[in-house]
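# no sequence for this one, just the structure:
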Ligand code: NI
């Protein structure tokens, strides 16, 4: 296992759209282990997407289970994920390992339904709400070359400089 290097804003590669995964092999599963280790090594590491480490495939991991008192699905491996239902909306604060110096207020759906594939290519479906739904929407944006910075209503009022990146 290895902690992989994270691309950071304004690296142009973060704007690249990622390709679907078509091969579910041992190499993919080894990469997922490295990606998980990289997520867990990061401050606040509740999610990561493959393009953040320079692999432009539609893969994201989310695990918000360490947050107290929230609903969650545990550790989610999301390969070729597709959100097919969005309900409600809410403004909330987000950070990103690729944008280490800032946080921002972003509007996201409060609950979503999605499908994906697991590490073996088997179909998965999830319902997510609240903080977990926000994390999934944030990570899936990376697969389309979007950062939370692209979703701020106003950089003047919704972008905040971090003093210390709290663990
Ligand atoms: Ni991010």
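In hand now; what should we look at? All of these numbers come straight from a predicted model, not from anything done at the bench.
# elements contacting the worst-scoring helix or strand of the chain on mean pLDDT?
Ranked by mean pLDDT, DSSP states H and E, the helix or strand of the chain with the weakest confidence is helix 155-158, at a mean of 91. Secondary-structure packing of helix 155-158 (3 or more Cβ pairs under 8 Å, 6 or more residues apart in numbering; DSSP states H and E): strand 102-108. The C-beta positions use only the backbone N, C-alpha and C, and glycine is treated the same way.
# What's the first helix or strand after the strand it packs on?
strand 111-117 (DSSP states H and E).
# For the least confident helix or strand of the chain, give me every contacting residue.
Residues outside helix 155-158 that contact it (Cβ atoms under 8 Å, 6 or more residues apart in numbering): 104, 105, 106, 149, 152.
# Can you list the buried residues in it?
residue 158 (16 or more other Cβ atoms under 10 Å).
# Could you do stretch 27-35 as well?
Of the residues in stretch 27-35, those buried (16+ other Cβ under 10 Å) are 28, 31, 32, 35.
# Three-state assignment for the third one, please.
In other words, residue 32. Of the three states, residue 32 takes helix according to DSSP: H, G, I helix; E, B strand; the rest coil.
# Quick check: closest non-adjacent residue to it.
Excluding its sequence neighbours, the residue lying closest to residue 32 (Cβ to Cβ, 6 or more residues apart in numbering) is residue 119, at 5.7 Å.
# That neighbour - how many residues pack around it?
Residues within reach of residue 119, counting by other Cβ atoms under 10 Å, total 17.
# who's in contact with it?
24, 28, 29, 32, 77, 79.
# And for residue 150?
residue 141.
# Can you list phi and psi of it for me?
phi -70, psi -10 (degrees, to the nearest 10).
# Tell me which residues touch residue 66, please.
If a contact means Cβ under 8 Å, 6+ apart, then residue 66 has residue 46 as its contacts.
# For residue 9, see how far away it is.
25 Å (Cβ to Cβ, to the nearest Å).
# repeat for residue 111
Applying Cβ to Cβ to residue 111 and residue 9 gives a distance of 29 Å.
# where does the chain have low pLDDT?
When residues are selected by pLDDT under 70, those of the chain lie in 164-167.
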